[in-house]
Every structure is written in C-alpha cells, then in structure tokens.
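[1] whatever this is, show me its structure:
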Amino acid sequence: MGRKLVAITLTKESQGEKWGFAITGGKDVGLTARVEKVNPFSPAGRAGLAHLDYLVKIGETEVFDLNHNDIVGLIKNSGDSLQIEVERAITEDDVVVPSFDMLYPKPKVGANMAEYIEDAMKTGIQGSCGMFTSLGKPRVKVKGANSSIGLFSEELSRN
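    Numbers count the residues shown, from 1 in each chain. So this is what the prediction gives:
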C-alpha cells in the first residue's frame, strides 16, 4: 500500500470565494475524515487537493480526534488561506483506507455496486466477520457503532 503525506496551501482569490470541496467523516461518526467532491476551478482544485485525500491536519491541528463539525469549523474559520495536510495513495491501485471490495471480495458480474452492497447488507457474505447489519436503514458497523454510509458535509462547497 503506497501512500504519501502531502502538504497543501489553499488560497482564495477573492473575498467570499468558496473552498470548493466537501468533507466526510469525523470521530463522532466513526469514519476517517476525507475529502470529497473537489471543484477543479476552486481554491481546492487549483491547489491540487484531490477526491479521496484523507485529512491529517488542518493548520497545525491533527483531525483524528475531532468530530465532523469541529473539522468543518477549523476550515471555515481559516480566513483566506488554508493549510491542509493529507494522506494520499501514490497510485490508483494503492489504498489509504480499505474498501468493501478489499474486505469482502466477490466476483463482479455487473457494474451496479449498489445492488452488491444492498445484497451484502441483507444476506451477509459467507465467511465474513458479520460487520453488516440488516436492521433499519442500511448501515455498516464501524468500531462498535453504526455509521451512515453517506455521511458528508456539503457546507464547505456551498459556503
């Protein structure tokens, strides 16, 4: 698993410009904080921030023990310049955090991953460690707590 730490400085070109990315995760939801939905024409895109970069630091503050809203607050209160340190896979085949496919490999018949994940949540996978739950809204059990699969904040790309 090849990965590297990358220090990135984002700078707004005009007052009121949005950073242009979203964050998912945080300690409160049991997910590693990661970058999503990078707008290529935003400060994030111009600086080289990438989709699926995993956050390590905002300024001098490590984010591993911060809740989602605390991470978003650090970013929003950073002024016109934002220092971010991220962990990034070196090649497309490298991973920073394992995916469903790595944890529960299954031959792919088609490209519809939603059906694959729903099936795994409903029926389980033979020989799996039982990390899926089929009760209520589809969720994945993470670190002893249930975390919604689709948690992220789009506030950063709108504000």
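[2] going forward, measure contacts between C-alpha atoms and count neighbours the same way
    Noted.
[3] got any ranges where the protein has weak pLDDT?
    By pLDDT under 70, the weakly predicted segments of the chain are 1, 92-113, 116-117, 120-159.
[4] can you pull out the helices in it?
    Counting by DSSP state H, the chain has helices at residues 43-47, 68-76, 100-103, 113-123, 155-158.
[5] quick one: the closest residue in space to residue 39 that isn't next to it in sequence from residue 34, how far?
    What sits nearest to residue 39 in space, not counting adjacent residues and going by C-alpha to C-alpha, 6 or more residues apart in numbering, is residue 20, at 5.1 Å. To residue 34, residue 20 is 14 Å away according to C-alpha to C-alpha, to the nearest Å.
[6] residue 49 contacts residue 38, correct?
    Yes. At 7.1 Å, residue 49 counts as touching residue 38 under the criterion of C-alpha atoms under 8 Å.
[7] those two: which is more packed in?
    Using other C-alpha atoms under 10 Å as the criterion, residue 49 and residue 38 rank with residue 49 on top: 27 against 22.
[8] which ones are touching that one?
    Contact partners of residue 49, counting by C-alpha atoms under 8 Å, 6 or more residues apart in numbering, are 8, 38.
[9] do the same with residue 51
    Applying C-alpha under 8 Å, 6+ apart, the residues near residue 51 are 35, 36, 37, 38.
[10] was I right about the second one contacting residue 44?
    No. The pair residue 36 / residue 44 is not scored as a contact, 10.7 Å apart, by C-alpha under 8 Å.
[11] neighbours around residue 115, how many?
    By the criterion of other C-alpha under 10 Å, residue 115 has 11 neighbours.
[12] can you give me the distance of it to residue 22?
    In this structure, residue 115 and residue 22 are 26 Å apart, going by C-alpha to C-alpha.
[13] sorry, back to before: what is the nearest of the contacts of residue 51 to residue 70?
    Residue 70 has its nearest neighbour among those in residue 35, at 14.9 Å by C-alpha to C-alpha.
[14] test my guess that that closest one contacts residue 55.
    Yes. Residue 35 lies in contact with residue 55 (C-alpha under 8 Å); the separation is 7.1 Å.
[15] higher neighbour count, those two?
    Neighbour comparison, residue 35 and residue 55: the larger count goes to residue 55, with 25 against 20 (by other C-alpha under 10 Å).
[16] give me every residue that touches that one.
    32, 33, 34, 35, 63, 84, 85, 86, 87.
[17] one more time with 10 Å
    5-6, 23-26, 32-35, 62-64, 71, 84-88 (C-alpha atoms under 10 Å, 6 or more residues apart in numbering).
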